[in-house]
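Participant: show me the folded form of this:
(one chain, ligands or ions: 1)
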Amino acid sequence: MHEFRGNSDMRTKRIVIVGGGSAGWMAAAYLNAALNKGGQQVADIALIESPEVPRIGVGEATIPNINHILAVIGIDQHDFMRRVDGTFKQSIKYVNWVNNDRSWYYHPFDRFLKSPIDHSALEWLMSDRSIPFVETVSLQPIMCELGLAPQTLDHREIGMPQKYAYHMDALKFADYLCELSTARSVNHYLDHVTEVEMAENGDISAIQTKGGKRLEADLFIDCTGFAALLIEKKLGVRWVDCSQWLLCDRAVTMPVPYEQHYPGYVRPYTTATALSAGWIWEIPLQDRRSLGYVHSSAFISEDEAERELRDFEGGHAASLDARIVHFKVGHREHAWIRNCVSIGLAGSFIEPLESTGLYLSDLAIVMLAEHFPYGDDMASLAFRFNRIMAIRFYEILDFINLHYCLTRREDTEFWREIRNPERVNDRLKAKLDYWRIKPPSPTDFEDQFFPGQPDTPLPSNGYPGDHRSPIDTGTIFSIHSYEAILYGMAFLDKECDDWYGTGRRQSGVFKKVIEGLNIAARELPPHDVWLQQVLGMPQYRKTN
Ligand SMILES: Cc1cc2nc3c(=O)[nH]c(=O)nc-3n(C[C@H](O)[C@H](O)[C@H](O)COP(=O)(O)OP(=O)(O)OC[C@H]3O[C@@H](n4cnc5c(N)ncnc54)[C@H](O)[C@@H]3O)c2cc1C
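Facilitator: Numbering: from 1, shown residues only. The predicted structure follows:
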């Protein structure tokens, strides 16, 4: 029998975070709130950020998990939304992904279940599918089309709470967390790290700065973004490239200030519109819409992409500033090695189609807090941490890959290339093949290792004893998310015609959806009205 050995070393641990983007400040604020509670100071946390290296902030969309981290830090929702130009996000609307014909579908955050055993997808597949699947089980697509906020003006419960997340300015989020953390007990240094000192055992012992500071710590967190100063430049941990499956590697971003163009509404959802060599995000904030054309440099030049983005937005975009951001899709071979953990862009990045950047930082930080107080030998903790981060990374990668590979578009070289078999990863291929025999059902998500899937070990297989392929847990993208994308992208369209024949009955909408929409239309205000009346967002004049 194994004996539990608690960590008896209870001296205050020193944690140094290098980098003050949203990843660094989320780490500082969360670890401080989770560890140093009840007047106890068990972690001495310092964050150092360079005044010379700018942070990334493009106008970000989040997923509902963000609410956990905000609650632990003790953040008031209205204060948060005011400080980060925040708006509500209840869904993602995908336009032009199946065909290039302005057709669309939604991936909502919430839906109803019919009964303990939910056969709604199967029943829908057997129907004439005249109503889009998610509209039969979720309020959110129609609430989004109506432009409604998810809350009443007077914060009354109306008996149909729906999960939501936020759109926000990540730069302002970092500033806000900095203010909260430094007012508590986090030490903040504005200085550029120039040296990383190593101990004899291979740990990092200290960092040195241009300003002549030297900081020692038990644990170093690398949040230096794509610079990856500690994890890569010093410790040499390899970046595992995943561009075979996700081809996009750049974004042209363009904020559209409401002062210059206000469409007359603030959408309570993110829009992702597929263009010739990628897709455009539209993220509404309180003072602007953030636009970004995520594209593949192999298929379109920066100038052409910028032109396409401006054409998409219309004549008023001619005078707006645009900026190019380069990125790479992949992850560190080991996110945690010795006494160094990489979080945020230093650790991994997947293109933002499902808004998972901040979420991956969030997951890493929550796990790190759970692993406290770290011992002198962190190898076992790192082993578990790395495996879970890798599993989650590939879970997200599969899911984003799914959006692309089911397209029927053939209008450009990019979309033709996306459909090639080598652009679909093996795990996803095996899932889709299986689901062509039997539509997805809940137990598929207990363990997503399907017939025909090669037993490819995790790239981070440097640890002895674990060569298992990544196993999805369906924790972040459950069957409900899969069903939204699969049926939104017309998966099983042809199979259903063969399986269930013609003359099928009309698709039915859940009673709860009809009742909920009636309440929503009666009780919920337009999103912009909620933002104006509750948060004080300025009233902009609608542009003609
Ligand atoms: C195109 C694009 C779109 C995105 N969209 C979304 C989205 O919709 N939703 C979402 O959740 N996420 C999104 N993300 C991800 C999100 O923006 C980042 O994950 C997030 O901002 C975290 O960044 P970071 O803190 O890791 O890095 P950065 O913001 O790059 O911060 C790096 C920090 O390290 C510091 N630094 C660097 N070198 C040194 C040094 N030598 N000494 C000291 N400090 C140093 C810098 O000063 C800076 O403070 C997107 C990212 C990109 C690229």
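
Participant: all strands of the stretch 151-300 of the chain, in order?
Facilitator: Assigned strands in the stretch 151-300 of the chain, in chain order: 165-168, 187-190, 193-198, 204-209, 214-216, 219-222, 239-241, 250-257, 270-275, 278-284, 288-295 (criterion: DSSP state E, counting those that start in this stretch).

Participant: in CSV, list the C-alpha atoms belonging to the second one.
Facilitator: I take that to be strand 187-190. Taking C-alpha atoms only, strand 187-190 is exported to CSV below (Å, rounded to 0.1, in the frame of the first residue of the first chain):
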residue,chain,number,x,y,z
ASN,A,187,5.5,42.7,-5.4
HIS,A,188,5.7,44.3,-8.8
TYR,A,189,8.9,45.2,-10.7
LEU,A,190,9.0,47.1,-14.0
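
Participant: and it, what does it pack onto?
Facilitator: strand 43-49, helix 170-183 (3 or more C-beta pairs under 8 Å, 6 or more residues apart in numbering; DSSP states H and E). Every C-beta, even on glycine, is put in place using the N, C-alpha and C of the backbone.

Participant: go with 7 Å
Facilitator: Based on contacts counted as 3 or more C-beta pairs under 7 Å, 6 or more residues apart in numbering; DSSP states H and E, the elements that strand 187-190 packs against are strand 43-49.

Participant: who does the next helix or strand after the strand it packs on pair up with?
Facilitator: Later in the chain than strand 43-49, the nearest helix or strand by DSSP states H and E is strand 60-61. Sheet pairing of strand 60-61 (DSSP bridges) gives strand 165-168 (antiparallel).

Participant: now the partner strand: mean pLDDT?
Facilitator: Mean pLDDT, computed over strand 165-168, is 98.

Participant: over to stretch 225-233?
Facilitator: In this model, stretch 225-233 carries a mean pLDDT of 98.

Participant: do the same with stretch 138-152
Facilitator: Mean predicted lDDT for stretch 138-152 stands at 97.

Participant: check stretch 77-89 too.
Facilitator: Mean pLDDT, stretch 77-89: 98.

Participant: which outside residues touch that stretch?
Facilitator: With contact meaning C-beta atoms under 7 Å, 6 or more residues apart in numbering, stretch 77-89 is reached by 61-62, 70, 149-150, 164-169, 172-173, 176, 266, 268-270, 284-287, 527, 531, 534-535.

Participant: return only those of those found close to the ligand.
Facilitator: Applying C-beta under 6 Å from any ligand atom to those, one finds that 61-62 fall near the ligand.

Participant: neighbouring contacts of stretch 303-311?
Facilitator: Contacts of stretch 303-311 (C-beta under 7 Å, 6+ apart): 252, 254, 275-276, 280, 291, 293, 295, 317-318, 322.

Participant: let's have the strands of the stretch 151-300 of the chain in a markdown table, adding mean neighbour count.
Facilitator: Listed next are those as a markdown table, based on neighbours: other C-beta atoms under 10 Å:
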| stretch | mean neighbour count |
| --- | --- |
| strand 165-168 | 26 |
| strand 187-190 | 15 |
| strand 193-198 | 16 |
| strand 204-209 | 19 |
| strand 214-216 | 14 |
| strand 219-222 | 30 |
| strand 239-241 | 15 |
| strand 250-257 | 21 |
| strand 270-275 | 22 |
| strand 278-284 | 25 |
| strand 288-295 | 25 |
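
Participant: comparing these, which yields the minimum mean pLDDT?
Facilitator: When the strands of the stretch 151-300 of the chain are ranked by mean pLDDT, strand 239-241 comes last with a mean of 94.

Participant: partner strands of that strand, with direction?
Facilitator: In the sheet, strand 239-241 lines up against strand 330-332 (antiparallel) (DSSP bridges).

Participant: is the strand it pairs with up against the ligand anywhere?
Facilitator: No: Strand 330-332 does not reach the ligand (C-beta under 6 Å from any ligand atom); its nearest approach is 12.3 Å.

Participant: pLDDT at D9, what is it?
Facilitator: According to the prediction, D9 has pLDDT 55.

Participant: residues contacting L148?
Facilitator: L148 neighbours (C-beta under 7 Å, 6+ apart): 268, 520, 524, 526-527.

Participant: any regions of this structure where pLDDT drops low?
Facilitator: Counting by pLDDT under 70, the chain shows low-confidence ranges at 1-10, 457-472.

Participant: any of the contacts of stretch 77-89 buried? List them.
Facilitator: Buried members of the contacts of stretch 77-89, counted by 16 or more other C-beta atoms under 10 Å: 61-62, 70, 149-150, 164-169, 172-173, 176, 266, 268-270, 284-286, 527, 531, 534-535.

Participant: was I right about F491 contacting T407?
Facilitator: No: using C-beta atoms under 7 Å, F491 makes no contact with T407, being 11.2 Å away.

Participant: neighbour-wise, which of those two wins?
Facilitator: Between F491 and T407, counted using other C-beta atoms under 10 Å, F491 has the larger neighbour count: 22 against 19.

Participant: state the distance from the closest residue in space to the more buried one that isn't next to it in sequence to R214.
Facilitator: Nearest-residue entry for F491: L406, 5.8 Å, with adjacent residues in sequence omitted and distances by C-beta to C-beta, 6 or more residues apart in numbering. In this view, L406 and R214 are 54 Å apart by C-beta to C-beta, to the nearest Å.

Participant: got the contact list for the single nearest residue of the stretch 101-250 of the chain relative to the ligand?
Facilitator: Minimum separation of the stretch 101-250 of the chain from the ligand (C-beta to the nearest ligand atom) falls at G225, amounting to 2.6 Å. Shown in contact with G225 (C-beta under 7 Å, 6+ apart): 19, 21, 56, 344-346.

Participant: at 8 Å what do you get?
Facilitator: Applying C-beta atoms under 8 Å, 6 or more residues apart in numbering, we find G225 in contact with 19, 21, 23, 53, 55-56, 344-346.

Participant: dump those to TSV, plus distance to E135.
Facilitator: Converted to TSV, those look like this (distance: C-beta to C-beta, whole Å):
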residue	distance to E135
G19	42
G21	38
A23	36
V53	46
R55	39
I56	35
G344	36
L345	36
A346	40
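
Participant: could you flag which of the residues you listed are buried?
Facilitator: Neighbour-count burial (16+ other C-beta under 10 Å) applied to the contacts of G225 gives 19, 21, 23, 55-56, 344-346.

Participant: farthest pair within these?
Facilitator: Across the buried ones among the contacts of G225, the longest distance by C-beta to C-beta is 12.4 Å; it joins R55 and A346.

Participant: just the contacts of stretch 303-311 now: which is nearest V137?
Facilitator: V137 has its nearest neighbour among the contacts of stretch 303-311 in I280, at 27.7 Å by C-beta to C-beta.

Participant: where's the residue positioned nearest the centre of the chain relative to the ligand, distance?
Facilitator: Nearest to the mean C-alpha position of the chain, counting by C-alpha atoms, centre = their mean, stands T356 at 1.2 Å. T356 sits 6 Å away from the ligand, going by C-beta to the nearest ligand atom, to the nearest Å.

Participant: so who does the closest residue to the ligand within the stretch 1-150 of the chain touch?
Facilitator: Nearest to the ligand in the stretch 1-150 of the chain, going by C-beta to the nearest ligand atom, is G21, at a distance of 2.3 Å. The contact partners of G21, taken as C-beta under 8 Å, 6+ apart, are 49, 55-57, 170, 174, 223, 225, 344-345.

Participant: make it 10 Å
Facilitator: Contacts of G21 were listed using C-beta atoms under 10 Å, 6 or more residues apart in numbering, and they are 49, 53-57, 170-171, 173-174, 223-225, 344-346, 361.

Participant: now it, nearest residue through space, not along the chain?
Facilitator: Nearest residue to G21, sequence neighbours excluded (C-beta to C-beta, 6+ apart): R55, at 4.0 Å.
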